[in-house]
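# Sharing a sequence plus its predicted fold:
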Amino acid sequence: MKGRNFIDGAWRDGELALQTYNPSDLDELVGQYARAGVAEAEEALAAARRAAADWRRFNMQARADILRRVGDALLVRADELGALLSREEGKTLKEGIGEVQRAAYVFHYYAGEVVRHPGQWYNSMRDGHNIVVTYEPVGVVLAITPWNFPIAIAAWKVAGALAYGNTVILKPSEYAPGCAVALAELLEQAGLPRGVFNLLLGEGRAFGQMLIEGVDAVTFTGSTPTGSMIVQMAAPAMTKVQLELGGKNPFIVLDDADLDTAVEAATQGTWGQTGQRCTGSERIIVTKGIHDAFVERLVKAVASLKVGHALHPDTQMGPVANQAQFQKNLDCIARARAEGAELAFGGGAIDAPTRGYFLAPTLFLDTDNRMELNQEETFGPIAGVIKVEDFDAAIAVAQDSRFALSSGIATTSLKNAERFRRESKAGLVMVNAPTAGLEYHVPFGGRPPSGYGGREQGAASAEFFTELKTSYINHGVI
Ligand code: TXE
């Protein structure tokens, strides 16, 4: 694997200052990477700027073909890259391969968008005129990505930006850069012209401000505090910003729910991908009539989850991704206990044959929505059950959060489902389905502080990656 930055079509040597270790086995070094500095960032910015004029005029079919080739190559290499992802991030092999396949389909989708994306034509109130509305590339896009979906998120930001004619600088998370390096290789092999895509590794703090001021748009996924900081860094230059941030997503279980469906959706939504999803269910709100039966089944489901080495075929939940996140989860559990939440399952680290960040899936009962456990994003395999009187109370509790990303409900009543769909302030609503697990062809995102600056994915992403131009044309034909 190349442990280098990719700038202006060339792999750049550098001191291998960044190491990643397998969270399933901390004795295994996964990758060594060169950390980019200010000089590399300046070169990447200049290269992306130089390449922008030609790339926006690049033949449409040829642009689509490049994106399609990247998608094809991702499918061919899905097993290998899925294993790399699992070794670097800790999600199970099945989840890792699934994520690489999803990244492939994202590239295929955007290959189609290159030729599908329309403009608009209007009649004019002035005789002999018409009006044409076209979507033009923004210019140079900086994509900053997190560690929890290191290839899927990079794919939907990079493929979207390229499809609509922008050049790109990608700054992946320092915790899981391996798949971004592989993506750069694939883009190079697919024939992308030099400078159109550039990769900078490392924490990014040294050059973040400079790049944010220098590019035309920043698309960011990560924590809410960093997102807020990026908005402030972007303000002086008025750089366009899109943020996808945290959630504290409610999953409501009503008395009329189908128990199997409710337990399955809550289990998947909360503990899938070790709970490290911005759309994960973090608050399980249950009406009193079904509470005891649901909780009994949920505790059994949680207790049956097999936690272990991400590459082991029996593992259903891999380790927590990194030391900082592991400590954050342990602190969160300790504070929830101190707040008086009743621990029903889990609550601590698990011993395993290898040294890793293994945490038991953790469930608290008898929690109150105002507890820190239910107000601050956990981003781990931890959730609290909140018992409520009725549907009205469930909706009130679900809405009582500053976050508004995803939400879910288990009910067999169409009327209840529709009422929740209308009243939820979240950007995503799931009926009888986990709050997490999304498709790439439809909009994704939430309201501030969960999201900012327009939706990602699907055709809605064109709003961020393009600027509108309205042209009035006096052709003289009446
Ligand atoms: O996020 P950060 P971290 C949440 C989750 C987690 C917490 C911390 O709660 O516990 O965030 O994770 C880059 N200039 N989410 O530390 O710091 C950074 O290098 C340029 C939710 O990973 O927000 C990384 O590439 N870049 C989330 C990216 O920002 C900078 C997914 C995200 O890092 C920078 C992941 C700077 N000054 C974590 N500072 C979700 N919404 O899904 C940071 N970065």
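Structure received. Numbers count the residues shown, from 1 in each chain.
# Can you name the residues bridging to the residue lying closest to residue 165 once chain neighbours are set aside?
Spatial nearest neighbour of residue 165, chain neighbours left out: residue 137 (3.4 Å); criterion: Cβ to Cβ, 6 or more residues apart in numbering. For the C-beta atoms, the positions are set from N, CA and C on the backbone; glycine is no exception. Beta-bridge pairing for residue 137 (DSSP bridges): residue 466.
# ok, now which ones touch residue 137?
Residue 137 is in contact with 52, 55, 56, 164, 165, 166, 465, 466, 467, counting by Cβ atoms under 8 Å, 6 or more residues apart in numbering.
# Touching, the second one and residue 168? I think so.
No: the pair residue 55 / residue 168 is not scored as a contact, 9.5 Å apart, by Cβ atoms under 8 Å.
# neighbour count winner among these two?
residue 168 (28 against 22; other Cβ atoms under 10 Å).
# now the strand or helix carrying the more buried one, how far from the chain's geometric center?
Here residue 168, judged by DSSP states H and E, is contained in strand 167-171. For strand 167-171, the separation from the chain centroid amounts to 16 Å (computed by Cα atoms, centre = their mean, to the nearest Å).
# where do the helices sit along this protein?
Here the chain has its helices, by DSSP state H, at 38-57, 60-76, 78-89, 93-116, 152-163, 178-189, 208-214, 224-234, 259-271, 288-303, 323-339, 391-399, 414-423, 462-465.
# highest average neighbour count across the ones you listed?
helix 152-163 (a mean of 28; mean count of other Cβ atoms under 10 Å).
# gap between the two ends of stretch 125-134?
19 Å (Cα to Cα, to the nearest Å).
# That should have said stretch 407-418, apologies.
13 Å.
# how near is the residue nearest to residue 165 to residue 373?
Counting by Cβ to Cβ, to the nearest Å, the separation of residue 137 from residue 373 is 44 Å.
# can you check residue 201 too?
Distance from residue 201 to residue 373, by Cβ to Cβ: 35 Å.
# I'd like the contacts of residue 137 written out as JSON lines, with distance to the ligand and pLDDT added.
Formatted as JSON lines, these follow (distance: Cβ to the nearest ligand atom, whole Å; pLDDT from 0 to 100):
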{"residue": "52", "distance to the ligand": "21", "pLDDT": "98"}
{"residue": "55", "distance to the ligand": "24", "pLDDT": "98"}
{"residue": "56", "distance to the ligand": "26", "pLDDT": "97"}
{"residue": "164", "distance to the ligand": "23", "pLDDT": "98"}
{"residue": "165", "distance to the ligand": "24", "pLDDT": "98"}
{"residue": "166", "distance to the ligand": "19", "pLDDT": "98"}
{"residue": "465", "distance to the ligand": "19", "pLDDT": "98"}
{"residue": "466", "distance to the ligand": "24", "pLDDT": "98"}
{"residue": "467", "distance to the ligand": "24", "pLDDT": "97"}
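# Which one of those residues is nearest to residue 255?
The shortest approach to residue 255 among the contacts of residue 137 belongs to residue 465, at 44.7 Å (Cβ to Cβ).
# got the contact list for that closest one?
Taking Cβ under 8 Å, 6+ apart as the definition, contacts of residue 465 comprise 137, 138, 141, 160, 161, 163, 164, 166, 217.
# Grab the nearest non-local neighbour of the third one.
The one in question is residue 141. residue 161 (4.1 Å).
# how close does residue 141 get to residue 121?
On the measure of Cβ to Cβ, residue 141 and residue 121 end up 27 Å apart.
# returning to what we had before: the strand holding residue 168 - which strands sit beside it in the sheet, and in what orientation?
strand 140-144 (parallel), strand 197-199 (parallel).
# Relative to the whole chain's centre, how far out is the shortest one?
Which is strand 197-199. The answer for strand 197-199 is 19 Å, by Cα atoms, centre = their mean.
# The longest one now?
Between the mean C-alpha point of strand 140-144 and the mean C-alpha point of its chain there is a distance of 15 Å (Cα atoms, centre = their mean).
# Just want the angle from it to helix 224-234.
160 degrees (axes from the mean of the first three to the mean of the last three Cα atoms, to 10 degrees).
# now strand 140-144 against helix 38-57, angle please.
Orientation of strand 140-144 against helix 38-57 (the same axes, to 10 degrees) gives an angle of 130 degrees.
# Smallest gap between the stretch 301-450 of the chain and the ligand, at which residue?
residue 379 (3.6 Å; Cβ to the nearest ligand atom).
# and that residue, how many neighbours?
Residue 379 has 25 neighbours, counted by other Cβ under 10 Å.
# repeat for residue 440
When counting by other Cβ under 10 Å, one arrives at 22 neighbours for residue 440.
# what do you get for the one 3 residues further on?
Close neighbours of residue 443, defined as other Cβ under 10 Å, add up to 16.
# Apart from its chain neighbours, what residue comes closest to residue 262?
Nearest one to residue 262, counting by Cβ to Cβ, 6+ apart, is residue 410 at 3.7 Å.
# so the one you found makes contact with residue 252?
Yes: contact criterion Cβ under 8 Å: residue 410 and residue 252 qualify, at 7.0 Å.
# Columns distance to residue 129 on top of the helices of the chain, output as a markdown table?
Compiled in a markdown table, these are given as follows (distance: least, Cβ to Cβ, whole Å):
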| stretch | distance to residue 129 |
| --- | --- |
| helix 38-57 | 27 |
| helix 60-76 | 28 |
| helix 78-89 | 52 |
| helix 93-116 | 28 |
| helix 152-163 | 31 |
| helix 178-189 | 42 |
| helix 208-214 | 39 |
| helix 224-234 | 37 |
| helix 259-271 | 53 |
| helix 288-303 | 63 |
| helix 323-339 | 58 |
| helix 391-399 | 48 |
| helix 414-423 | 42 |
| helix 462-465 | 26 |
